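In: Coordinates for the following, if possible.
(one chain, ligands or ions: 1)
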Amino acid sequence: MAALTELRRDGDVAVIVVDNPPVNALKHEVRVGLRDAFARANEDKSIAAIVLTCAGRTFIAGADITEFDKPPQSPGLSDLNADIEAIEKPMVAAIVGTALGGGLEITLACHFRIAAATARLGLPEIKLGLIPGAGGTQRLPRLVGLPKAMAMILSGDPIPAKDALALGLVDEVFEGDPAAAGVAFARRALAEKRPLKRVRDLGSKLEDVRAHPEKFNEIAAAHVKRARGLHAPAAALEALRWTLDVPMGEALDRERKAFMELRLGDQSEAQRHLFFAEREAAKVAGLSKDVKARDIRQVAVIGAGTMGGGISMNFANQGIPVTIVEAAEDALQRGLSVIEKNYQTSAARGALQQADVAKRMSLLKGTTDIAKAKDADLVIEAVFEDMAIKKDVFGKLDRIARSDAVLATNTSYLDVNEIARMTGRPQAVLGMHFFSPANVMRLLEIVRGAKTAPDVLATAVAVARRIGKVPVVVGVCHGFVGNRMLRARSIEAERLLLEGALPHEVDGALTEFGFPMGPFAMGDLAGLDVSWRMRKAQGSRAEIADALCERGRFGQKTKKGFYLYEEGSRVGRPDAEVEQLIVATSKRFGIARRPIDRKEIIERLIYPMINEGARILEEGVAQRSGDIDVIWIYGYGFPVWRGGPMFYADQTGLTHIRDRLAVLAKTSGDKRHEPAPLLSRLAAEGSTFSAASKKAA
Ligand code: 3H9
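Out: Below you'll find the model as predicted:
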C-alpha cells in the first residue's frame, strides 16, 4: 500500500506531502505519518525549514469524518498540532483547493500559511454538528480577530484566498505548484530571518473585544437567532469566549472536551449521516459513471409564473441564456417584472451589483411564441398543475424541440410517463421537480420515467449541480417522494383538528420538534386556495381547509386563513372564528373533542410519514432511505439535527414506530396506518432503514 505521507528534500528545505485521495482527510494513518515526518525533519540538523502541502486536487479537507463513529485513536490532531507548534524551524503550509476543518487547524499550528489564488479556507465543523476540535476556536480569532472568526466558525462557510490574505489568515497568495511556492517562501523567510509567528502567542487582534467584552454578546446575538434547536453553535460561542480570559492551554483542553461531547451526541451523528447521504444520493442505480451528460448551453422554460420565473433565475445566475415562454403578453411581462424585482431586492441587500442584475436580465428573453423553444438544449415545462394542459404543452414541444433536447416537466404530483407518452420520444422526458421559491430552495427531485434514457437522466443531474441544487433521483408515483409523504402528514393534521387540537397547537408541536413552521402556518403562506383547487379537481375534501376557502380565507394573501394576519405582519394569531368552525365541524361528524398533547401530535404527524417512506422504499420509488432524508431536509425544512425522517425513525427505534402505527391503525380504522411490510420486517429483525439501504446497495 502506498504511503499516505511523504517526506522529501529540496536542498535544506523538507517538503512533507499528504497524499490520501480524494480529499486528503486526516485519517489515523495520515496523522501517524505526519507526526513522524515532522519529527524527522525537526531532528535533522541539515534541514533549515519545513513545508507542508498535499498531492492531488486539494489540501487537507479536515478530519476523516468516517472515523467519528469509532473510538478515537492516538495521536489525535490536537497532539499532532502541539508537536508541530513546538518546532523552532520555519514551517510553511502551502494550500491548494480547500483547507477545511482539521486541515486548516494544522496550518494554524505552522508559522506561515500561503494559498493558491483559487484556494478556499474554512472551519465547517458546525455543519456536522461539531465545533473545531484541534485549536480552531482559539487560534483563528488570534489571527483574524473575534468578529471574523465568529462569522467563519458559526457559518462554517469557507472564504477565498484573497479575503484570507486581507485578514492576515494567509501571508501570501501564489500561482502554480504549491511545493515550489512553499519552498520559495521558506527560503525567503530564512534569508530575511523572519520572526517565527506562533499563533498561540498572538494577542493584538483580541484586544478590542477584551477591552469591551460586551461586544462579544452583540456579535453573538446576531448568530444565535439562526441556531434554533442546535447544540453546536452555543458550544462554539462558549469556546470562542474563552479567548477573552482563559489561558491558551486550558482553553485547548476545554475545546477538545466540548468537541468530543458533541461528536458522541445524536445531533452530530444525524448531521454526519446527512453529509454522506447527500453524496450517496449522487450515485444513481443503473447510471454508470461512463454515461456522458449532454451539454446544456441554452434553456427554455414554459410558463412565467412563480415557478417558471424562479426556475429561470437559476440558469441566468449561472450565465445560461433562457427563453421564457408564456401564453399571454401581460402574464409574460408580469413574470419578467417579478424576476427583476427579486434581483433588485438582492441588489438592495448588497448581495448583487447593479451590473449583475442587468447581465442576468439580459440572459432572459420572454416570448409568447412556444416555437422559440426550438433551439433549447433543455426545455422545462412549468405551467399550471393540470394534466390536460401539460399534455398539450408536451405535444407541442415534441413538434418543436430539437431532436437531442431534454424535455422536463416541473410537475409536483403528476404521472411523468403519461406526459412522456404525448411525445414520440419518451426517452427524452423526465421530471425536474423544483421547490418554491425555486431560485432559493436547494432540493431538486429528478423523476425518472419508465423510458427515460440514461444520458437524459445524467444531464438533469449534472445541470442540477451546475445551478447549485441538491439532486435526488426518484421514481414515478403520485407526489413522488416528498409530496407523497407530506400528504400522509396533512391528512393526519386535519384529523387532529377534528379530534380536539387547534391549529396553533399542531403548528407549535412541529416548531418545537424543529420545523421552521407547522402545516397550517405553511398552508396560509402558500395559499390555501391552491390545494383547494387541486382537491376539487380530484373530487376529494379536507373539511376544515375547504370550509375556510369557502369563506374566502385563503391565508396570508387574504389576511385570514387558519390564522389572522394584521396589516404588514406575516405572523398569524389564533382566530376565534376558526376555532368555532373547527368545533362545529367536530360536532357535525359526531366526534367528541379531547385534549391532545404534543407527544401524540408529533407521533401522529411524523410516524405516518415514515410509514409512507417505508412503502416508497419497498416500491423502489426512492433508492435508499438517505435519499428520503435529503429530500425532507432540503425541500421541507425537516430539522437537520434530526437527520431526516428515516434517520429519525432509526434513532427512535423501528419497533416503537411499528407498534404506535398499529395502535393508530386500530383506533382510527384507517388502513394506511397499518405498518408497511418493510417497517414490520426491519423492526422484527432489530434492523434500521439505514442498514437495510446499505445492504441493498
Ligand atoms: C474536522 O475536521 C474536525 C476537526 O476540527 C477536529 C478533529 C479532532 N472525511 O464532497 P465530495 C469524501 S471535521 C471523510 O463529493 P467535492 C466524500 O464522502 C471535518 N470523507 O467532493 C466523497 O466520498 P465518495 C471538517 C470525506 O469535490 C469524496 O470524499 N471538514 C471527507 O464536491 C469526495 O467528496 C469538512 O467538513 C472527510 N472530511 O468537495 C469538509 N470529505 O466519493 C467536508 C469528503 O465515496 N468535505 N469526503 O462519495 C467537503 O466539504 C467536500 O468534500 C470538499 C470536496 C469541499 C472537500
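In: only C-alpha atoms for contact and neighbour calcs from this point on.
Out: Noted.
In: Using PDB, list the CA coordinates for the helix or strand of the chain with the lowest mean pLDDT.
Out: Here the helix or strand of the chain ranked lowest by mean pLDDT, DSSP states H and E is helix 528-538, holding a mean of 87. Taking Å, rounded to 0.1, in the frame of the first residue of the first chain, the C-alpha atoms of helix 528-538 are listed here in PDB:
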ATOM      1  CA  LEU A 528     -55.000  27.600   0.900                       C
ATOM      2  CA  ASP A 529     -56.800  28.000  -2.500                       C
ATOM      3  CA  VAL A 530     -54.000  26.200  -4.300                       C
ATOM      4  CA  SER A 531     -54.600  22.800  -2.700                       C
ATOM      5  CA  TRP A 532     -58.400  23.500  -2.500                       C
ATOM      6  CA  ARG A 533     -58.500  23.700  -6.300                       C
ATOM      7  CA  MET A 534     -56.500  20.600  -6.600                       C
ATOM      8  CA  ARG A 535     -58.800  18.700  -4.200                       C
ATOM      9  CA  LYS A 536     -61.800  19.900  -6.200                       C
ATOM     10  CA  ALA A 537     -60.200  18.600  -9.400                       C
ATOM     11  CA  GLN A 538     -59.600  15.200  -7.700                       C
END
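In: In terms of secondary structure, what does it contact?
Out: Secondary-structure packing of helix 528-538 (3 or more C-alpha pairs under 8 Å, 6 or more residues apart in numbering; DSSP states H and E): helix 543-550.
In: And the helices in the stretch 301-450 of the chain, which stretches?
Out: 306-317, 329-348, 354-362, 387-400, 416-420 (DSSP state H, counting those that start in this stretch).
In: which strands and helices sit next to the shortest one?
Out: Based on contacts counted as 3+ C-alpha pairs under 8 Å, 6+ apart, the elements that helix 416-420 packs against are helix 387-400, strand 429-434.
In: In terms of helices and strands, where is the residue nearest to Arg210 when sequence neighbours are not counted?
Out: Among residues not flanking Arg210 along the chain, Leu244 sits closest, at 5.5 Å (C-alpha to C-alpha, 6 or more residues apart in numbering). Counting by DSSP states H and E, the element that carries Leu244 is helix 232-245.
In: winner for burial among the helices and strands packed on helix 416-420?
Out: strand 429-434 (a mean of 29; mean count of other C-alpha atoms under 10 Å).
In: List every C-alpha atom in it, with coordinates, as CSV.
Out: The C-alpha atoms that make up strand 429-434 are tabulated as CSV, following Å, rounded to 0.1, in the frame of the first residue of the first chain:
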residue,chain,number,x,y,z
VAL,A,429,-38.6,13.1,-21.0
LEU,A,430,-38.2,13.3,-17.2
GLY,A,431,-39.5,15.3,-14.2
MET,A,432,-37.5,18.1,-12.7
HIS,A,433,-39.5,19.0,-9.6
PHE,A,434,-38.3,22.3,-8.2
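In: The stretch 1-150 of the chain against the ligand: which residues are in contact?
Out: 22-23, 25, 61-66, 77, 100-102, 124-125, 132-134 (C-alpha under 6 Å from any ligand atom).
In: quick revisit: now the helix holding Leu244, how far from the centre of its chain.
Out: 25 Å (C-alpha atoms, centre = their mean, to the nearest Å).
In: and that helix, is it in reach of the ligand?
Out: No - Helix 232-245 lies apart from the ligand when judged by C-alpha under 6 Å from any ligand atom; the minimum separation is 11.4 Å.
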